[in-house]
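**Student:** using only what follows, build the 3D model:
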Amino acid sequence: MPGDLRDPESTNPFYYDSRYEEPKNPFEAGAPDTDKYLQSIAIEQTGSRLNQEKMEALKQILNEKGFFHRNIGDQSFIDEVKKQVNVLKMARRIINARIK
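**Tutor:** Residues are numbered from 1 along each chain as shown. Sure, this is the predicted structure:
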């Protein structure tokens with residue numbers, strides 16, 4: 001016998017003993033919050049948050065290019081978000097310069 005006969009775990013390999021605490025789930029349930037993630041990248045790039053209009057424009061650009069079908073932790077996704085945030089930032093600077 002490979003184990004002690006008095007130990008129910010050795011005689012029944014799938015025996016559940018309630019004295020063991022159930023471990024915490026290391027993975028959070030549900031989809032990640034993309035708005036917070038995009039805002040964190042925008043803050044990292046520009047130092048300020050995107051307003052609602054710019055956020056919607058960024059999401060639309062990413063959706064048109066097919067980046068929302070990728071993992072948001074993928075480096076190509078992050079690079080594209082940084083690129084588009086810089087484009088939006090430069091567009092705002094150009095508009096502000098022409099108004100003055």
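**Student:** and the residue nearest to F68 when sequence neighbours are not counted, helix, strand or coil?
**Tutor:** The shortest distance from F68 to any residue other than its chain neighbours is 5.7 Å, reached at L62 (C-beta to C-beta, 6 or more residues apart in numbering). Yep, even glycine has a C-beta here, placed from its N, CA and C like the rest. Assigned with DSSP: H, G, I helix; E, B strand; the rest coil, L62 falls in the helix class.
**Student:** what's the neighbour count on L62?
**Tutor:** 20 (other C-beta atoms under 10 Å).
**Student:** and Q39, by the same measure?
**Tutor:** Residue neighbour count, defined by other C-beta under 10 Å, stands at 16 for Q39.
**Student:** phi and psi next, for it.
**Tutor:** Main-chain dihedrals, Q39, degrees, to the nearest 10: phi -60, psi -40.
**Student:** which ones are touching it?
**Tutor:** By C-beta atoms under 8 Å, 6 or more residues apart in numbering, the contact set of Q39 is 49-50, 55.
**Student:** could you give the mean pLDDT of the host helix or strand of N86?
**Tutor:** When secondary structure is defined by DSSP states H and E, N86 falls within helix 75-99. The average of the pLDDT scores along helix 75-99 is 82.
**Student:** buried ones in it?
**Tutor:** For helix 75-99, burial by neighbour count (16 or more other C-beta atoms under 10 Å) applies to 77, 80-81, 84-85, 88-89.
**Student:** correct me, but the residue nearest to F68 touches K82?
**Tutor:** No: counting by C-beta atoms under 8 Å, K82 is not a contact partner of L62; they are 11.7 Å apart.
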